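1. pasted the sequence and its predicted model underneath.
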Amino acid sequence: MTGLLALAADPGIPSPPQGTWYLGVVPVRAYALFIIAGIFAGGCLADRRWIARGGRPGTVVDVLTWAVPSGIVGSRVWHVLTHLQDYTWQDPWEALRLWEGGLAIFGGLLGGALGAWFACRRRGIPLPAFADALAPGMAVGQAFGRWGNYFNQEIYGTPTTLPWGLRINPENRPAAYPEAETFHPTFLYESLWSLLTAVVVMWADRRFRLGHGRAFALYLAMYGTARAALELLRTDEANIVLGLRVNQLVALLVVVLAVVYIAVSARLRPGRETTVEHAPQDEQAR
């Protein structure tokens, strides 16, 4: 009863009291746990979809072994380059502290695409076909990963009095809003949108038999749309280009390119390609 009265007197979504636990001297960080959970959930979905398209079991794991590390590197590099104002550079290791947050989706997409391209080339499979199988899993992975921001009390929006406003501890509030207590839970908005994106992509893929990278392009278009809108609510500092936050400008560009690609690809290469994956050469030699 006391807890219910406290919640009624202090409405909104409470922030977690901590984001790190210790097993002895080993830190266990919620941020990392949600990223790992997202990779696992997204990978399982991608594996089922790839096999259904004619691929071989184990391919998704092999590709992700290359794509995930390169994606993490790319996401961190992108974040640092677009938030140079946040780093003093007096500590040379500051930019490497992933556990403090700071992974950018767009950099992750570029880095992950490079790793996936290399892995797909090794196995002799077309990257667009693999990307189509992976697309909903990417969205599911992002839905999980955003909850790491919740535990870090970061990536929230402007102040709000809505019932689902996120309560942020005073030490984590932006200086521009010293009196505000509840903020838009943009992490939650993006997480829910990502789940919706996964559902829409899978539905469209079955309904229209998307191929040649169009399912992945649809995922990019939906993610870019949400990201461009959510950037309007973000309170963290960002560099401005052409009157827009950098990631907002990039998101809009991604939407335009994705829509153009879907239209042109559907006209030039209609239908879905047939995926026939052969065993890698090292397996054939056994």
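-> Now that the structure is in, tell me what you want to look at. Residues are numbered from 1 along each chain as shown.
2. all helices of the protein, in order?
-> Assigned by DSSP state H, the chain shows helices spanning 2-9, 30-52, 59-82, 105-123, 127-152, 186-208, 214-230, 246-268, 281-284.
3. show me what counts as buried in the third one.
-> Buried residues in helix 59-82, counted by 16 or more other C-beta atoms under 10 Å: 59-60, 63-64, 66-68, 70-80, 82. (Each C-beta comes from the backbone N, C-alpha and C, glycine too.)
4. how many other residues sit next to Pro170?
-> The number of residues packed around Pro170, counting by other C-beta atoms under 10 Å, is 7.
5. which stretch among the helices of the chain comes nearest Pro17?
-> Each of these has some distance to Pro17 by C-beta to C-beta; the shortest is helix 127-152, at 9.8 Å.
6. show me what the closest one is packed against.
-> If you count contacts as 3 or more C-beta pairs under 8 Å, 6 or more residues apart in numbering; DSSP states H and E, helix 127-152 packs onto helix 30-52, helix 59-82, helix 105-123, helix 186-208, helix 214-230.
7. closest to Pro178 out of those?
-> Set against Pro178 and scored by C-beta to C-beta, those come closest in helix 186-208, at 19.8 Å.
8. which stretches of the chain have low pLDDT?
-> Low-confidence regions of the chain, defined here as pLDDT under 70, cover residues 1-10, 84-86, 88-92, 95-96, 98-101, 276, 278-286.
9. closest to the centroid, which residue in it?
-> With distances taken as C-alpha atoms, centre = their mean, the residue of the chain nearest its centroid is Gln142 (3.5 Å).
10. hang on, the earlier thing: now render the helices of the chain as CSV, adding distance to Thr20.
-> As requested, the helices of the chain are arranged in CSV below (distance: least, C-beta to C-beta, whole Å):
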stretch, distance to Thr20
helix 2-9, 24
helix 30-52, 7
helix 59-82, 19
helix 105-123, 23
helix 127-152, 8
helix 186-208, 18
helix 214-230, 26
helix 246-268, 27
helix 281-284, 41
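11. for the residue lying closest to the residue nearest to the centre of the chain once chain neighbours are set aside, what are its contacts?
-> Using C-beta to C-beta, 6 or more residues apart in numbering and skipping residues adjacent in sequence, the residue nearest Gln142 is Ser194, 4.4 Å away. Residues touching Ser194, when contacts are defined by C-beta atoms under 8 Å, 6 or more residues apart in numbering, comprise 139-140, 142-143, 146, 223, 226.
12. what about 6 Å?
-> For Ser194, the contacting residues are 139, 142-143, taking C-beta atoms under 6 Å, 6 or more residues apart in numbering as the criterion.
13. and which of those residues is nearest Gly243?
-> For those, the nearest to Gly243 is Gln142 (26.8 Å; C-beta to C-beta).
14. please report how far the closest one lies from Thr161.
-> In this structure, Gln142 and Thr161 are 28 Å apart, going by C-beta to C-beta, to the nearest Å.
15. pretty sure Ile125 is touching Glu277, no?
-> Yes - Ile125 is within contact range of Glu277, at 5.4 Å (criterion: C-beta atoms under 6 Å).
16. for these two, indicate the residue with more neighbours.
-> Taking neighbours as other C-beta under 10 Å, Ile125 and Glu277 compare with Ile125 leading, 21 against 18.
17. to Glu179, which of the helices of the chain lies closest?
-> Distances from Glu179 to each of the helices of the chain were compared using C-beta to C-beta; the minimum, 17.9 Å, belongs to helix 2-9.
18. what about the residue nearest to Val250 when sequence neighbours are not counted, neighbour count?
-> With sequence-adjacent residues excluded and distances taken as C-beta to C-beta, 6+ apart, Val250 is closest to Phe106, at 5.4 Å. A count of neighbours around Phe106, defined by other C-beta under 10 Å, yields 21.
19. mind checking how far Phe106 is from Thr275?
-> Using C-beta to C-beta, Phe106 is found at 28 Å from Thr275.
20. what does Pro14 give?
-> 47 Å.
21. how far away is the residue nearest to the centre of the chain from Leu252?
-> Taken as C-beta to C-beta, the spacing of Gln142 relative to Leu252 amounts to 18 Å.
22. would you list the helices and strands packed on helix 127-152 in a markdown table and tack on distance to Tyr261?
-> Written out in a markdown table, the entries for the helices and strands packed on helix 127-152 read as follows (distance: least, C-beta to C-beta, whole Å):
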| stretch | distance to Tyr261 |
| --- | --- |
| helix 30-52 | 20 |
| helix 59-82 | 20 |
| helix 105-123 | 14 |
| helix 186-208 | 15 |
| helix 214-230 | 5 |
